[in-house]
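Novice: Generate coordinates for the sequence data below:
(2 chains)
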2 protein chains.
Amino acid sequence: MARGSKSAHPSDTNDAHGTVPPIDDPTVAALDAWWRTANYLSVGQIYLLDNPLLREPLTRDHIKPRLLGHWGTTPGLNFLYAHLNREIQQRDLDMIYIAGPGHGGPGMVANAYLDGTYSEIYGAIDRTADGVKALMRQFSFPGGIPSHAAPETPGSIHEGGELGYALSHAYGAAFDNPGLVVAAVVGDGEAETGPLATSWHSNKFLNPVTDGVVLPILHLNGWKIANPTVLARIPEGELLDLMRGYGHTPHLFSAEADEDHASVHRRFAALLDTVMDEIADIKSRAALGTLDGRPTWPMIILRTPKGWTGPKEIDGKKSEGTWRAHQVPLSNARDTPEHTQLLEQWLASYRPDELFDEAGAPVALATRLAPEGDRRMSANPHANGGLLRKDLRLPDFRDYAVDVPEPGATTAEATKVLGEWMAEIMRRNPATFRLFGPDEVNSNRLSPVFEVTERQWDAELRDGDDHLAPSGRVMEMLSEHQCQGWLEGYLLTGRHGTFTSYEAFIHIVDSMLNQHAKWLKVSRGIQWRAPVASLNYLLSSHVWRQDHNGFSHQDPGFIDHVINKKADVVRVYLPFDANTLLSTYDHCLRSVDYVNVVVAGKQPTANWLTMDEAIAHCTRGVGIFEWAGTEREDEEPDVVLACAGDVPTLEVLAAAKILRERLPELKVRVVNVVDLMRLQTTSEHPHGLSDKAYDSIFTTTKPVIFAYHGYPWLIHRLTYRRAGHQNLHVRGYKEEGTTTTPFDMVMLNDLDRYHLVIDVLDRVPGLGARQGRLRQEMHDARLAARLYTRAHGEDIPEVEDWTWPDDVGGKRTLSQAGTSTGDDNA
Amino acid sequence: MARGSKSAHPSDTNDAHGTVPPIDDPTVAALDAWWRTANYLSVGQIYLLDNPLLREPLTRDHIKPRLLGHWGTTPGLNFLYAHLNREIQQRDLDMIYIAGPGHGGPGMVANAYLDGTYSEIYGAIDRTADGVKALMRQFSFPGGIPSHAAPETPGSIHEGGELGYALSHAYGAAFDNPGLVVAAVVGDGEAETGPLATSWHSNKFLNPVTDGVVLPILHLNGWKIANPTVLARIPEGELLDLMRGYGHTPHLFSAEADEDHASVHRRFAALLDTVMDEIADIKSRAALGTLDGRPTWPMIILRTPKGWTGPKEIDGKKSEGTWRAHQVPLSNARDTPEHTQLLEQWLASYRPDELFDEAGAPVALATRLAPEGDRRMSANPHANGGLLRKDLRLPDFRDYAVDVPEPGATTAEATKVLGEWMAEIMRRNPATFRLFGPDEVNSNRLSPVFEVTERQWDAELRDGDDHLAPSGRVMEMLSEHQCQGWLEGYLLTGRHGTFTSYEAFIHIVDSMLNQHAKWLKVSRGIQWRAPVASLNYLLSSHVWRQDHNGFSHQDPGFIDHVINKKADVVRVYLPFDANTLLSTYDHCLRSVDYVNVVVAGKQPTANWLTMDEAIAHCTRGVGIFEWAGTEREDEEPDVVLACAGDVPTLEVLAAAKILRERLPELKVRVVNVVDLMRLQTTSEHPHGLSDKAYDSIFTTTKPVIFAYHGYPWLIHRLTYRRAGHQNLHVRGYKEEGTTTTPFDMVMLNDLDRYHLVIDVLDRVPGLGARQGRLRQEMHDARLAARLYTRAHGEDIPEVEDWTWPDDVGGKRTLSQAGTSTGDDNA
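Specialist: Down below sits the predicted model:
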């Protein structure tokens, strides 16, 4: 760091430092001892295989052959951890710590070890020299722990492997936790990401009475892998303006490499006291109702050298305070005795002999700042949210069923019906369930929730605002990243929620889904992590109904993306009417540790199943619509028309109707798939149908025409191992231009009823003479439909006004051959 | 808009307005006539099927049956377009217009029509009443144009269907275009997205001498679909601080619904003059070298009512200035005579009789502000960048070949070799080629480029900075969104470039890739759009080499994502050594209108092919490594070992070596796939191998063990229609925990040499007695390797030091049966 003089600190914004009493010398000693010990343990994790307490001269053999991990950000994280511990002790705070720079993994592990939590959880890593050795050895070592603040790290709800979500996670944790303080360290690299840059605005969505506090700490260490950071290289005035512009009261603190550590501790403790006083003041004014508008919460800018306390220079090049300290500064520690010695000097600079007792346990001074029990940030139950999770009080979804006297006899907007049920969920769970979305709760027809709650909005309110209030269950900001990050933070701290969005734009959070699914996958293998509520996506405004928006709004590929994740973590459902959506969603909200993707329409559509039928069908996940087909008992059908998704289901039924009327002797079976995972084999997914069950539904020899909601390849992929997959012909979405009537769009992808009939004619052998004429009629019908839309701008009446015949009557049975997944929680 | 009084405008920051002369009345009249005409045409596009000039009383039948599109943002976009035209005329500016709110499609079409460009391009939409009718009818109509500023819209390089990239695209356009001004309108909804929130910082990467100017205009109309916007509801002081914090000089302008339009025009013209003067001043000081540090470029905050000039009230509810004006305010315009009349009044309020002549052409006053020829923003060639694109001067990549006397005899870091070639590209193309990446140019070993150029960085410079300079060819900011957005803007304005990133985190831009691929797909069908350079991804730090980072950094799914896009737009290459990477990349940089994804290693790896062999192999895309197999001429092999990707290629060769030594009588064929699209059939992808060629390589009956870089399903998907696909067994990446040695990772996914041998034993019939023993040995070798990594933290020496035998000798031939794709530009 080339700037400033060490004594003056002219840049510190020391608003009220003068008013807080200085900390005493024993406290300085304890802060410094914690910091030194955590730093020592961090360096040890990166470099040491053996000689953990440096009780013999360091040799090459004590050093790991492959040096992995990141040093640069770690000492700053440790420094903050020590100082926050002091505040917890002093004020009895309920606090968790978000380490935005996930690369600081060794630090977070070291702090949890000093807290005592690590040894409580991982018995082998006890407070002995052997324990320290095991702690160091396991880090970034085969069979050990990863280099980030991962699920394995006690106290973490945030991995930070992919950067950008520290503040979103922090705010998600703070919602509905009015007593919680979330200290969120933001790296200045991470601060350059888009998601982080907008997440500062989360403070407009936080209620100072009903929610907790987020204390953002921007850690300005100046460098990324090889580049300086933007925020470290703008004038300090701009940086402070930026934070003020984000709605915060910034407190800038600069630590220089050559400043006496005791002085740094004293100065920072004073600043942190000031900040915590400001927070306490806001909270108390909020409780008293004397707060005038949205508070400008404090935030801290902590400027430190990168790799602070590390080697000043290595091989003649500056290390501390430069980008060279980012990863493993002494990457050649084993290569020459000189380098080994430099590592030894570095380790010795923390004076480990003062920090560990004879047995190898940290001395009392080093751990004096550890809070007690659950107050330890590494043991705070909010950071292991499954411990706090309670099942939702779910109203009986059956009470919200739409009436379906005959298939297709009534219509409903499926998501609106869901919204009615969700409103009651909010009523019954006033502090543990939230709905997140970019701006689409209304657009996706979930508006009934506004009979019960509001959009939480802590910025200015004006006349004419629509269901905006300082506190509410609906969180809407036009950033899918924010919605996802908030929800993740909310779930990981033990609550429940749903993300509702446009199907096409949910790809914006593809990478976040990746990381959350990985988190869940790893967490499931960690016994001390209790299960958290599933992350539920409700994707409406889907690919087939982009009348307003066209090609740019068409993308059903999120399902494909999700299915690459670990099978025991992901579930995909395609309910096709109101009752199947209700049944599906009830299931999702009861589940834990999953990612559930539900794609459902918001437009008025026919209802096909009664609630009892819907429950049976959703439990099975796949089934035969006997009422829609023309097969005869005890005979195999001639053809199977399968569907998944609301629009495909409609088109398949319309095709079935044509076939029923025009080729009455043809034995047609209609199959619907609501749980996409059922198509896979049991070896691939826990929901997979047995081969026997699959074959009994789809046959092994008959043509299957499958109308699918998304990219057709996915169905091939899922059914690849099935006996009959050679006979499978899938129609789905193809990347083709733009259209503006629903049926026009369906036609463009050959998913329309007429084309499905042609597919049947193409694939069922021996249909005889009539088929030629029917084929021609179908082609003509398509052409007529297309010409009509181009002339009138709306669908042709025979499609628009189509209804399922009520003359089919009688056989209103669903059947299937699969077995229920039983106690599987999916 | 509930705030402020109409006369005082106390909030305007009218810094220097006093110094610019006021505009005269004819200019006010021209501005207003343009604005009214554009607004009239916009409303007409949303609502009218007929009666385009309102020359008869409006009836229900004149109105579209389905009302689609967005009004809310449109009048603001039109207002700005008129005023920017005035500046272009006055100062002879070279300017393009980015409409961040893509929903403003009708406005952008209307402006292009007034410019004259629309009629020049689309002959049927001429300057007659019939032309106006056709213009209106086509909008959001089946077979017509989409509702956004799409590729069909002249002057657009930005669709805005998915929000967040207006500024990134603008800066991408401005780089290396020192004479260009990019007016970038940012919607206040879009401003909430992460990518947009960080893209303000692009100004730290813009050189005022060698690059153009971006003028951000934050359009604060206050509302999204149903919510207010954050930036419209923070105190004005915070908003100004935020913009100052972003490094801008903000100019705030408020227009009220009830302010006289002439007054608004006068005031805004004065403000825009001031801003353009500031820009001119910065540019001239930059040219003279008298600029003191990074300039604080001006930006404009334009506060207007949403749906400005639309109906004040509809059905007793406020419309103009509220969220109700977002989409189609009069959605019931056909429903009752009263609503139809309200639409008529609205249309009539623009006084169309004054704006169109007898024939239906806009009168001279309405188009007086249109600049001439290429100066029109809708006709500016920068917005149809293919017109300006020149092929790169590419050095001969053969000159950069690594020497490969025998397969595996030498090693290289493939990306470093590529970097040497890329350095020379930069030398020869000093203003038309840039490299973009979050912070990984060095990490991905492309560092040789720094012998020729620097990282462009216009923030503060300090001692010890590594290749930072105010101007350079390398653009690094820790935001994949920025890198992608900048590159898209750079390519769409006719230049060339590459995005280099970690494989796992490229998912961050999944949704941006979607939109760009859709843009290319549509553009290819638009004759007046000239081809632009392909978007080339170089993904290194790939899934198999995440030693530092573990599970959170493992994701090869970007390939899967890309392959869902239109086949004629996407290409995926997996070069496996330095020479194949050079050959592949040369091909990519010559191509147009594609998305090329290249995944390549950065670690030192064996080189397998000479440059001549590499060229032959890459041209074919798939081929047999005869030197590696043990098949005999004119006989089918017993088994095919196939591979794609550098690590899989290594493991397949190692398995082939074991088989050669242990089962010498087994006829093994080794096949490598470098162009993944070759696996598909010709009907699915233009690169697809013919069935005959495919079968001759992979056989139709023999087991194929395929070691693949990514998720195994993709290979099944691509080969699904091939005769032999039943015999295909794919090993690839599975979502499993974390490890920290490369081979440990490979083993965890059963992609290792030992397991591949076991796969062969499992699948080749009649191997006789010896196979049982070999199987046991392979199991033992796996176990030993695993135990070794867990004990030592590095790979077992037999793997680490493995080499390909140089005793194979002789038959150094590649062969294949496919045909070259010839003149296909892929």
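Novice: Could you tell me how far the helix or strand containing residue A:214 lies from the centre of the chain?
Specialist: Assigning secondary structure by DSSP states H and E places residue A:214 in strand A:213-220. Counting by CA atoms, centre = their mean, to the nearest Å, strand A:213-220 is centred 21 Å from the centre of its parent chain.
Novice: any idea which helix or strand comes after that strand?
Specialist: Remark: after strand A:213-220, the chain's next helix or strand is helix A:236-245, criterion DSSP H and E.
Novice: So is that next one next to chain B?
Specialist: Yes: using CB under 8 Å from any CB of the partner chain, helix A:236-245 reaches chain B at A:238-245. Where C-beta positions appear, they are placed from N, C-alpha and C, glycine not excepted.
Novice: Three-state assignment for residue A:123, please.
Specialist: Under DSSP: H, G, I helix; E, B strand; the rest coil, the three-state class of residue A:123 is coil.
Novice: where does it fall, phi/psi-wise?
Specialist: In terms of degrees, to the nearest 10, the main-chain angles of residue A:123 are phi -60, psi -40.
Novice: How about the contacts made by the residue of the stretch 251-400 of chain A found nearest chain B?
Specialist: Nearest residue of the stretch 251-400 of chain A to chain B, counting by CB to the nearest CB: residue A:322, 5.6 Å away. By CB atoms under 8 Å, 6 or more residues apart in numbering or on different chains, the contact list for residue A:322 reads A:223, A:306-307, B:464.
Novice: can you tell me the helix or strand for the nearest residue to residue A:655 once chain neighbours are set aside?
Specialist: Nearest residue to residue A:655 in three dimensions, chain neighbours excluded: residue A:756, at 3.9 Å (CB to CB, 6 or more residues apart in numbering or on different chains). For residue A:756, the host element (DSSP H and E) is helix A:753-763.
Novice: Can you name the element that comes right after that helix?
Specialist: Downstream of helix A:753-763, the first helix or strand assigned by DSSP H and E is helix A:770-792.
Novice: Show me what that next one is in contact with.
Specialist: Residues beyond helix A:770-792 that count as contacts (CB under 8 Å, 6+ apart) turn out to be A:658, A:662-663, A:739, A:741, A:743-744, A:747, A:752, A:754-755, A:757-758, A:761, A:795-796, A:798-799, B:65, B:141-143.
Novice: on that earlier part again, let's see the helix holding residue A:756 as CSV, backbone CA atoms only.
Specialist: Only the C-alpha atoms of helix A:753-763 are listed here, as CSV (Å, rounded to 0.1, in the frame of the first residue of the first chain):
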residue,chain,number,x,y,z
ARG,A,753,-52.3,-31.1,-32.4
TYR,A,754,-52.3,-31.4,-36.2
HIS,A,755,-48.7,-32.2,-36.4
LEU,A,756,-49.0,-34.7,-33.5
VAL,A,757,-51.7,-36.5,-35.6
ILE,A,758,-49.3,-36.5,-38.6
ASP,A,759,-46.6,-38.0,-36.3
VAL,A,760,-49.0,-40.8,-35.4
LEU,A,761,-49.8,-41.4,-39.1
ASP,A,762,-46.1,-41.5,-39.8
ARG,A,763,-45.3,-44.0,-37.2
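Novice: just to revisit the earlier point, which one of the contacts of residue A:322 is nearest to residue B:296?
Specialist: For those, the residue nearest residue B:296 by CB to CB is residue A:223; the value is 24.5 Å.
Novice: Can you get me a residue count around the nearest residue to residue A:687 once chain neighbours are set aside?
Specialist: Spatially, and ignoring its direct neighbours in sequence, residue A:687 is nearest to residue A:677 (3.8 Å; CB to CB, 6+ apart). Per other CB atoms under 10 Å in any protein chain shown, the neighbour tally for residue A:677 reads 23.
Novice: same deal with residue A:797?
Specialist: The burial count for residue A:797: 10, using other CB under 10 Å.
Novice: do the same with residue A:775
Specialist: When neighbours are defined as other CB under 10 Å, residue A:775 has 17 of them.
Novice: Now for residue A:633: which residues touch it?
Specialist: Applying CB under 8 Å, 6+ apart to residue A:633 gives no contacts.
Novice: Can you name the residues that contact residue A:128?
Specialist: Counting by CB under 8 Å, 6+ apart, residue A:128 makes contact with A:359-361.
Novice: CSV please, covering these and showing pLDDT, neighbour count and secondary structure.
Specialist: Below are these laid out as CSV (pLDDT from 0 to 100; neighbours: other CB atoms under 10 Å in any protein chain shown; DSSP: H, G, I helix; E, B strand; the rest coil):
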residue, pLDDT, neighbour count, secondary structure
A:359, 96, 11, coil
A:360, 97, 18, coil
A:361, 97, 18, coil
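Novice: where does the stretch 351-500 of chain A dip in pLDDT?
Specialist: By pLDDT under 70, the stretch 351-500 of chain A has no low-scoring segment.
Novice: make that chain A, sorry
Specialist: Scanning chain A for pLDDT under 70 picks out A:1-19, A:806-826.
Novice: per-domain residue ranges of it.
Specialist: Chain A breaks down into these domains under the TED database: A:31-383, A:397-459+A:467-606, A:622-801.
Novice: Redo the ones you listed as a markdown table? Include distance to residue B:365.
Specialist: Shown next, in a markdown table, are those (distance: least, CB to CB, whole Å):
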| stretch | distance to residue B:365 |
| --- | --- |
| domain A:31-383 | 42 |
| domain A:397-459+A:467-606 | 34 |
| domain A:622-801 | 33 |
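Novice: Out of those domains, flag the one nearest residue B:90.
Specialist: Minimum separation from residue B:90 across the domains of chain A (CB to CB) falls at domain A:31-383, 32.1 Å.
Novice: So the nearest residue to residue A:526 once chain neighbours are set aside: helix, strand or coil?
Specialist: Closest residue to residue A:526 apart from its sequence neighbours, by CB to CB, 6+ apart: residue A:151 at 5.8 Å. Three-state assignment for residue A:151 (three-state DSSP): coil.
Novice: Distance-wise, check residue A:151 relative to residue A:386.
Specialist: Distance, residue A:151 to residue A:386, using CB to CB, to the nearest Å: 11 Å.
Novice: before we move on, what about residue A:318?
Specialist: Per CB to CB, residue A:318 is found 46 Å from residue A:386.
Novice: So the two - more neighbours on which side?
Specialist: Comparing residue A:318 with residue A:386 by other CB under 10 Å, the one with more neighbours is residue A:386, at 19 against 15.
Novice: which residues does the more buried one contact?
Specialist: By CB under 8 Å, 6+ apart, the contact set of residue A:386 is A:494, A:529-532, A:592.
Novice: With adjacent residues omitted, what lies nearest to the residue of the stretch 451-600 of chain A found nearest chain B?
Specialist: Nearest to chain B in the stretch 451-600 of chain A, going by CB to the nearest CB, is residue A:552, at a distance of 2.7 Å. For residue A:552, ignoring the flanking residues on the chain, the nearest one in space by CB to CB, 6+ apart is residue B:161 at 2.7 Å.
Novice: Tell me how many other residues surround that neighbour.
Specialist: 27.
Novice: Roughly how far does it sit from residue A:162?
Specialist: Taken as CB to CB, the span from residue B:161 to residue A:162 is 25 Å.
Novice: Likewise for residue A:134?
Specialist: The gap separating residue A:134 from residue A:162 is 29 Å, by CB to CB.
Novice: Which positions in stretch A:407-426 come out as buried?
Specialist: Residues of stretch A:407-426 classed as buried by neighbour count (16 or more other CB atoms under 10 Å in any protein chain shown): A:407-408, A:412-426.
Novice: and residue A:498, that one's in a strand?
Specialist: Yes: counting by three-state DSSP, residue A:498 is located in a strand.
Novice: thought it was touching residue A:435?
Specialist: Yes: at 5.5 Å, residue A:498 counts as touching residue A:435 under the criterion of CB atoms under 8 Å.
Novice: Okay, angle between the helix ranked longest in chain A and strand A:213-220 too, please.
Specialist: For chain A, the helix with the greatest residue count under DSSP state H is helix A:261-288. Between helix A:261-288 and strand A:213-220, the angle comes out at 150 degrees (axes from the mean of the first three to the mean of the last three CA atoms, to 10 degrees).
Novice: continuing past helix A:261-288, what's the next helix or strand?
Specialist: Going down the chain from helix A:261-288, the next helix or strand is strand A:298-303, by DSSP H and E.
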